[in-house]
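[1] Requesting a structural model of the entry that follows:
(chains A, B, C and D)
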Protein chains: 4
Amino acid sequence: MPDPKITIGDFNALSTQKLPFAGLMGYRVEDIGYGTARMRLPVEEQHLRPGGTVAGPALMGLADATMYAVVMGMIGPVELAVTTNLTCNFLRRPSMVDIIAEGKILKLGKRLAVGEVSLYSEGDPEPVAHVTATYSIPPDATD
Amino acid sequence: MPDPKITIGDFNALSTQKLPFAGLMGYRVEDIGYGTARMRLPVEEQHLRPGGTVAGPALMGLADATMYAVVMGMIGPVELAVTTNLTCNFLRRPSMVDIIAEGKILKLGKRLAVGEVSLYSEGDPEPVAHVTATYSIPPDATD
Amino acid sequence: MPDPKITIGDFNALSTQKLPFAGLMGYRVEDIGYGTARMRLPVEEQHLRPGGTVAGPALMGLADATMYAVVMGMIGPVELAVTTNLTCNFLRRPSMVDIIAEGKILKLGKRLAVGEVSLYSEGDPEPVAHVTATYSIPPDATD
Amino acid sequence: MPDPKITIGDFNALSTQKLPFAGLMGYRVEDIGYGTARMRLPVEEQHLRPGGTVAGPALMGLADATMYAVVMGMIGPVELAVTTNLTCNFLRRPSMVDIIAEGKILKLGKRLAVGEVSLYSEGDPEPVAHVTATYSIPPDATD
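    Numbers count the residues shown, from 1 in each chain, chains lettered A, B, ... in the order given. Next up is the predicted model:
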């Protein structure tokens, strides 16, 4: 397996600059491999706990950012990679603990990258949501 | 066509209380019919303009809230209706103007409601994103 | 609006040659515009009527073929355009009449085309299924 | 782990009777566990090989049938369970060998079952397609 093409530090720096939504939500990458990534959504923020749960768009955004990390782990810091499709199945009501997202690549092509992300309430093996997402990769990014 | 079963004022009040994410983003409903709804995402907020555009999760959240309004327009303020599936196709880069979401019902069943939401940069007829979403309706809500 | 870049006759001929599944199912295109198409699934075939209804994959295949016609109406007979993503919401049990599929483009880009297809039991205005689909367009096809 | 609630023989018999599309395509279940199932699409049939590949709807139908087996392995032969949503990402061009579908449950609720199915060309570890699907379970089926 090749080494990942972006470090955790570089991804978090790029995410802070380029993904203000990720910064607003407090997403943090914890691990990037070649074709995998793990991110965390801390739930200490007041705004994430309506009725004691985590907002759906916060979960979808976490999955989207995780897939961004998966793709950058394979092609490097190609900022112009953009999401073209995201499908989320909401499975269980999250607990009031951090959300952990585990992403992995399904297919890296020259033009499209497809992956899936499973989201968990930390400590619970049953997923709270499952996402598949497609990124469009700009020309020349993988040459 | 029956009258909608929730008013704009009641939906915005419920949204403020029950959907803090919607409040955080500044979503506002502008119209609710029986099976339709229109919402607006004002883009004045600094955090919505990384690189001069609107974050994907902000669009998905707007579509999700719009579908919530569509469903409540048909069954009333059933707070426990929850999203089970959301699919978003991102079509064009949004401009730095408000986003308008137009939602409509595709099927209202006893247990599931399915709808679609088209999102536009205000003043541009070409959609920036298209969403289909399914809500699960709690038992007895439509009896 | 430009003229469509493929005729009904040419599409049906290409479909017969290149989409044997479409031939097997009996799909027929009835109209192609620039960014729209209408197809029909005749239900006389015995194999389409388990328990008096139409099989889900037959509906998904019809939607996929309809989207293929939509794309060819815009870029001509580019055989190598391939589906990358298809999402189907099944809404109502079809009646034992022909299925009509109405497709339209949501976005034609250089590399991806996204559209939606609504499927109806002929004569009934309520859709039996709704599909969004993405096609990947080979390089140079739209130059 | 509980025993599966349907045998391979009973599922294939029910599938032959109730899923003529599956019979037409030649789908065969090979394994059913509690929350898992594996099915096979033999590719000897002439109609499955346009240009040396497997038609997309044949893959989606295989995934749908596999998910049906997953659900029946958990709740028994509840024929009226129906697909409400299916999302397919097409990843690679299948080879001219049998397609193997590996399905597993993501969430079994009282009203909805959600699962994912990965499809492979036999002998190749890279998936040709990935599907998530939701089934609606009729009332009382799991009481």
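[2] name the helices or strands packed onto the lowest-mean-pLDDT helix or strand in chain A?
    Sorting the helices and strands of chain A by mean pLDDT, DSSP states H and E puts helix A:20-25 at the bottom, at a mean of 81. Packing partners of helix A:20-25 (3 or more Cβ pairs under 8 Å, 6 or more residues apart in numbering or on different chains; DSSP states H and E): helix A:8-18, helix A:56-75, helix B:56-75. Yep, even glycine has a C-beta here, placed from its N, CA and C like the rest.
[3] right, and the ones you listed - which one's nearest chain D?
    helix A:56-75 (12.4 Å; Cβ to the nearest Cβ).
[4] what's the angle between the closest one and helix B:56-75?
    150 degrees (axes from the mean of the first three to the mean of the last three Cα atoms, to 10 degrees).
[5] which of the residues in stretch A:113-131 are buried?
    A:113-121, A:127-131 (16 or more other Cβ atoms under 10 Å in any protein chain shown).
[6] give the contact list for the nearest residue to A:V97 once chain neighbours are set aside.
    In space, and not counting its chain neighbours, A:V97 is closest to A:E122: 4.8 Å by Cβ to Cβ, 6 or more residues apart in numbering or on different chains. By Cβ atoms under 8 Å, 6 or more residues apart in numbering or on different chains, the contact set of A:E122 is A:R40, A:V97, A:D98, A:I99, A:I100.
[7] what about the residue of chain A at minimum distance from chain C, helix or strand, and which?
    As assessed by Cβ to the nearest Cβ, chain C sits closest to A:N85 within chain A, at 5.3 Å. A:N85 belongs to strand A:82-90 when assigned by DSSP states H and E.
[8] Parallel or antiparallel, list what pairs with that strand.
    strand A:127-136 (antiparallel), strand B:82-90 (antiparallel) (DSSP bridges).
[9] Other residues contacting the shortest one?
    Yep, that's strand B:82-90 we're talking about. Identification of contacts with strand B:82-90 by Cβ under 8 Å, 6+ apart yields A:56, A:60, A:82-90, B:56, B:59-60, B:63-64, B:67-68, B:112, B:128-136, C:87, C:106-107, C:114, C:132, C:134, D:85, D:87, D:112, D:114, D:134.
[10] buried residues in it?
    For strand B:82-90, by 16+ other Cβ under 10 Å, it's B:T83, B:T84, B:N85, B:L86, B:T87, B:C88, B:N89, B:F90.
[11] Would stretch A:100-111 count as contacting chain B?
    No: applying Cβ under 8 Å from any Cβ of the partner chain, one finds stretch A:100-111 separated from chain B by no less than 13.0 Å.
[12] can you give me the mean pLDDT across that stretch?
    Averaging the model's pLDDT scores along stretch A:100-111 yields 97.
[13] just stretch A:80-93 next, same as before
    95.
[14] What parts of chain A come near chain D?
    So chain A meets chain D at A:87, A:89, A:91-92, A:106-107, A:114, A:116, A:126-127, A:130, A:132, A:134 (Cβ under 8 Å from any Cβ).
[15] quick one: which two of the residues you listed are the most distant?
    A:R92 and A:K107 (27.5 Å; Cβ to Cβ).
[16] Looking at these two, which has the bigger crowd around it?
    A:K107 (19 against 16; other Cβ atoms under 10 Å in any protein chain shown).
[17] Flag every residue of chain A that's near chain C.
    Residues of chain A lying near chain C (Cβ under 8 Å from any Cβ): A:T84, A:N85, A:T87, A:R111, A:L112, A:V114, A:T134, A:S136.
[18] Among the buried residues of stretch A:113-131, which one lies nearest to D:Y34?
    Of the buried residues of stretch A:113-131, the one sitting nearest to D:Y34 (Cβ to Cβ) turns out to be A:P127, at 17.4 Å.
[19] If that closest one is in a bridge, with which residues?
    A:Y120.
[20] Next up, the contacts around it.
    A:L91, A:R92, A:S118, A:L119, A:Y120, D:L106, D:K107 are the contacts of A:P127 under Cβ under 8 Å, 6+ apart.
[21] Pick the one among those residues closest to B:F21.
    A:L119 (15.9 Å).
[22] which non-adjacent residue is nearest the closest one?
    That would be A:A129: by Cβ to Cβ, 6+ apart, it lies 4.4 Å from A:L119.
[23] separation between that neighbour and A:L86?
    11 Å (Cβ to Cβ, to the nearest Å).
[24] Determine the residues that are contacts of both of the two.
    A:M60, A:A63.
[25] Give me the below-cutoff pLDDT ranges for chain A.
    The model of chain A has pLDDT under 70 over residues A:44-52, A:142-143.
[26] Give me the residue at the spatial middle of it.
    Centroid-nearest residue in chain A, with Cα atoms, centre = their mean: A:T66, separated by 1.3 Å.
[27] Tell me how far that residue lies from chain B.
    Relative to chain B, A:T66 is positioned 12 Å away (Cβ to the nearest Cβ, to the nearest Å).
[28] I'd assumed A:A101 was in contact with that residue.
    Yes: A:T66 lies in contact with A:A101 (Cβ atoms under 8 Å); the separation is 4.3 Å.
[29] Overlap of the contact sets of these two?
    Jointly contacting A:T66 and A:A101 under the rule Cβ under 8 Å, 6+ apart are A:R38, A:M39, A:V117.
[30] okay, those in JSON lines with secondary structure and distance to C:G23 next?
    Formatted as JSON lines, the shared contacts of A:T66 and A:A101 follow (DSSP: H, G, I helix; E, B strand; the rest coil; distance: Cβ to Cβ, whole Å):
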{"residue": "A:R38", "secondary structure": "strand", "distance to C:G23": "47"}
{"residue": "A:M39", "secondary structure": "strand", "distance to C:G23": "46"}
{"residue": "A:V117", "secondary structure": "strand", "distance to C:G23": "38"}
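[31] quick one: which of those residues is nearest to A:M25?
    A:M39 (10.4 Å).
[32] returning to that earlier point: mind checking what helix or strand follows the least confident helix or strand of chain A in sequence?
    Criterion used, DSSP H and E; the element after helix A:20-25 is strand A:28-32.
[33] so that next one versus helix A:8-18, what angle?
    Using the same axes, to 10 degrees: strand A:28-32 against helix A:8-18 is 140 degrees.
[34] Kindly export strand A:28-32 (C-alpha atoms) in PDB.
    Only the C-alpha atoms of strand A:28-32 are listed here, as PDB (Å, rounded to 0.1, in the frame of the first residue of the first chain):
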ATOM      1  CA  ARG A  28     -11.000  17.000  13.000                       C
ATOM      2  CA  VAL A  29      -9.200  14.300  11.000                       C
ATOM      3  CA  GLU A  30      -7.600  11.700  13.100                       C
ATOM      4  CA  ASP A  31      -6.200   9.300  10.600                       C
ATOM      5  CA  ILE A  32      -5.500   9.300   6.900                       C
END
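[35] picking up where we left off before, what's the most distant pair in the buried residues of strand B:82-90?
    Farthest apart among the buried residues of strand B:82-90 - using Cβ to Cβ - are B:T84 and B:F90, which lie 21.1 Å from each other.
[36] circling back to that earlier point, just name the closest of the shared contacts of A:T66 and A:A101 to chain D, please.
    Once Cβ to the nearest Cβ is applied, the member of the shared contacts of A:T66 and A:A101 that ends up nearest chain D is A:V117, at 11.8 Å.
[37] contacting residues for the closest one?
    Listed by Cβ under 8 Å, 6+ apart, the contact set of A:V117 reads A:L62, A:A63, A:T66, A:M67, A:A101, A:E102, A:G103, A:K104, A:H130, A:V131, A:T132, A:A133.
[38] Would you check that the residue nearest to A:L119 makes contact with A:G61?
    No: using Cβ under 8 Å, A:A129 makes no contact with A:G61, being 11.5 Å away.
[39] Neighbours of A:A133, how many?
    Neighbour tally, A:A133, other Cβ under 10 Å: 28.
[40] from memory it sits against A:A63, does it?
    Yes: in this structure, A:A133 is within contact of A:A63 by Cβ under 8 Å, at 6.6 Å.
[41] Output the strands paired with strand A:82-90 as a markdown table; include the columns distance to A:F11.
    Output for the strands paired with strand A:82-90, formatted as a markdown table (distance: least, Cβ to Cβ, whole Å):
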| stretch | distance to A:F11 |
| --- | --- |
| strand A:127-136 | 15 |
| strand B:82-90 | 21 |
